[in-house]
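Chemist: What follows is a predicted structure for the sequence shown.
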Amino acid sequence: DTEVTQTPKHLVMGMTNKKSLKCEQHMGHRAMYWYKQKAKKPPELMFVYSYEKLSINESVPSRFSPECPNSSLLNLHLHALQPEDSALYLCASSHPTDDSSTDTQYFGPGTRLTVL
Amino acid sequence: AQKVTQAQTEISVVEKEDVTLDCVYETRDTTYYLFWYKQPPSGELVFLIRRNSFDEQNEISGRYSWNFQKSTSSFNFTITASQVVDSAVYFCALSEESSTLGRLYFGRGTQLTVWP
């Protein structure tokens, strides 16, 4: 089973709202990723968690706040977003044997976010 | 500098035609990994194949085949007898051994449209 689930599928929010995106995997993977993808562009890495600790933050604005409550769950908390933050947000997971190893990343279906 | 180049932005073919998607990569690592992902209109990135730098054998999976040539730094993807369901954006990606947690460098993607 290589399933990564994401909720919600679609989200519309105002610039003053607070919302959260959720990602879940039950493959025993120990690395989880958040990506942002604008239309007609490749995914851009935002955050990486390894063994529930934040390992990579690609200089993402603080209005995006990641959280990894346990090894299966990854959240992305959103606050005071801008219209230019509207995008597809993808979660992925992989099972590296250590911080430098490469394993295949499996992606979820994404959340389409619209900021009004 | 772009680590992965997909020079074909859009390709249109008619059903049953064969089509090749090009991918050229650049790295100084001797150990690296190459991937192809498919992104249908629904948005999910679907993993298709992973190749490591020491394995130059071509691979065939049903109508899909991949040609890895280190001499030209290319990892091309061919779909034989294309079908309408193959319509999607296809991303080639590179991960280097020196990267943390298998960071993926994506090409810009090739939009494939298969007409009935």
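Modeler: Everything's here; your move. Numbering: from 1, shown residues only, chains lettered A, B, ... in the order given.
Chemist: Just checking stretch B:37-57 against chain A, any contact.
Modeler: Yes: contact check for stretch B:37-57 against chain A, using C-beta under 8 Å from any C-beta of the partner chain: residues in range are B:Tyr37, B:Ser42, B:Gly43, B:Glu44, B:Leu45, B:Val46, B:Phe47, B:Arg50. Every residue, glycine included, has its C-beta placed from N, CA and C.
Chemist: hang on, the third one is in a helix, isn't it?
Modeler: No: B:Gly43 sits outside any helix when classified using DSSP: H, G, I helix; E, B strand; the rest coil, being coil.
Chemist: So which bits of chain B are right by chain A?
Modeler: Going by C-beta under 8 Å from any C-beta, the residues of chain B near chain A are B:33, B:35, B:37, B:42-47, B:50, B:91, B:95, B:97-104, B:106-109.
Chemist: Is it possible to mark the buried ones in those?
Modeler: Judged by neighbour count, with 16 or more other C-beta atoms under 10 Å in any protein chain shown as the criterion, the buried members of the residues of chain B next to chain A are B:33, B:35, B:37, B:43-47, B:50, B:91, B:95, B:97, B:99-104, B:106-109.
Chemist: just the strands in chain A please.
Modeler: A:4-7, A:10-13, A:18-25, A:31-37, A:44-50, A:53-57, A:64-70, A:73-79, A:87-94, A:106-107, A:111-115 (DSSP state E).
Chemist: so which of the ones you listed comes closest to chain B?
Modeler: strand A:106-107 (3.9 Å; C-beta to the nearest C-beta).
Chemist: Measure how buried residue 16 is and give me the count.
Modeler: In the absence of a named chain, this looks at chain A. Other residues lying near A:Thr16 total 8 when counted by other C-beta atoms under 10 Å in any protein chain shown.
Chemist: ah, I was thinking of chain B
Modeler: The tally of other residues near B:Lys16 (other C-beta under 10 Å) stands at 11.
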